[in-house]
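[1] Dropping the sequence and predicted coords here.
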Amino acid sequence: MNILAIGAHPDDIEMQCAGTLALYAQQGHKVFMAVATNGNVGSPTYSREEIAAIRHKEQQASCLMIGAELIWMNFDDEWLFNDRPTRERFIDAIRQADPDVMFIHGPTDYHPDHRIAGQVAEDARIPASVRLVETTLPHIKKIPHLFYMDNPVGLEFEPEAYVDISTVFETKRAMLLKHESQDSWMRAVYGEHTSIADMMTQNAALRGSAAGVAYAEGFREVKTYPRTGSFALLPGFGR
Ligand SMILES: [Zn+2]
């Protein structure tokens, strides 16, 4: 299968679903990680150009860890909108990945870029399969099965499907830690106690205790027309 995760910023996908992606990659599935914005406001010291270049490199290093292909959309951080250029770029990302399964941000996430990225991805899923919706790539032949990723630290999100990521937890952590520039940024914005690795670990442990394992990631199926798979089962993981 082809698996596509779409995150708003470099590090979002690692935070919410890199364990599941690592498991898919281990099983021989092809994984794509699409990042909508270039993270060009995420620094207390660098210029926008400098931090965008750093974050692109960090994202590439993370993708390399599981052999994922990076789709770098390069929109400005904090200024993502549900407009025609954005939809066309998302349609192309979906066409490039030709996914069986997609992971996207959900509508109750705290960050506007996350919510917009999720909404555009959800809205681009069907037009990606329409021949006369012309972008730079040809239309896909199947409509992917869509899941919302967890929200940061699990707030306002009740998972209905879990993936036990205990065996790949260290891979997920190492992928997240490739986003080294974000640790200082998060501390500068949200306080010295904030570490992205700690936030992720607490979230994975919280979902793990709900699922009866050490570490888990939680998801919700996007229950919209047309239904493309069975609810509560992540394709490839069985019952
Ligand atoms: Zn983000």
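    Alright, I've got the coordinates.
[2] Per-residue pLDDT of whichever residue of the chain sits closest to the ion, please?
    Closest residue of the chain to the ion, Cβ to the ion: H9 (3.5 Å). Bear in mind the C-beta positions are built from the backbone N, C-alpha and C, glycine included. Per-residue pLDDT puts H9 at 97.
[3] Wasn't it part of a strand?
    No. H9 is assigned coil when assessed by DSSP: H, G, I helix; E, B strand; the rest coil, not a strand.
[4] quick one: contacts for it?
    Going by Cβ atoms under 8 Å, 6 or more residues apart in numbering, H9 touches V35, A36, T37, G39, G42, D77, D113, H114.
[5] Same check on W72?
    Taking Cβ under 8 Å, 6+ apart as the test, what W72 contacts is V35, N38, H56, Q59.
[6] tell me the phi and psi of it?
    phi -100, psi 110 (degrees, to the nearest 10).
[7] what pairs with it across the strands?
    Each beta-bridge partner of W72 is listed here: V35, as defined by DSSP bridges.
[8] Q202 is in contact with V153, isn't it?
    Yes. The pair Q202 and V153 qualifies as a contact (Cβ atoms under 8 Å) at a distance of 6.7 Å.
[9] buried residues in the helix or strand bottoming out on mean pLDDT in the chain?
    One helix or strand of the chain scores below all others by mean pLDDT, DSSP states H and E: helix 180-190, with a mean of 84. Across helix 180-190, burial judged by 16 or more other Cβ atoms under 10 Å covers S181, Q182, D183, W185, M186.
[10] could you say what helices and strands it packs with?
    helix 48-66, helix 196-211 (3 or more Cβ pairs under 8 Å, 6 or more residues apart in numbering; DSSP states H and E).
[11] now it and helix 48-66, what's the angle there?
    Put simply, helix 180-190 runs at 120 degrees to helix 48-66, going by axes from the mean of the first three to the mean of the last three Cα atoms, to 10 degrees.
[12] shift numbering so it begins at 35
    Fine by me, first position is 35 from now on; the one you just mentioned is helix 214-224.
[13] How many residues are close by R241?
    Other residues within reach of R241, judged by other Cβ atoms under 10 Å, total 24.
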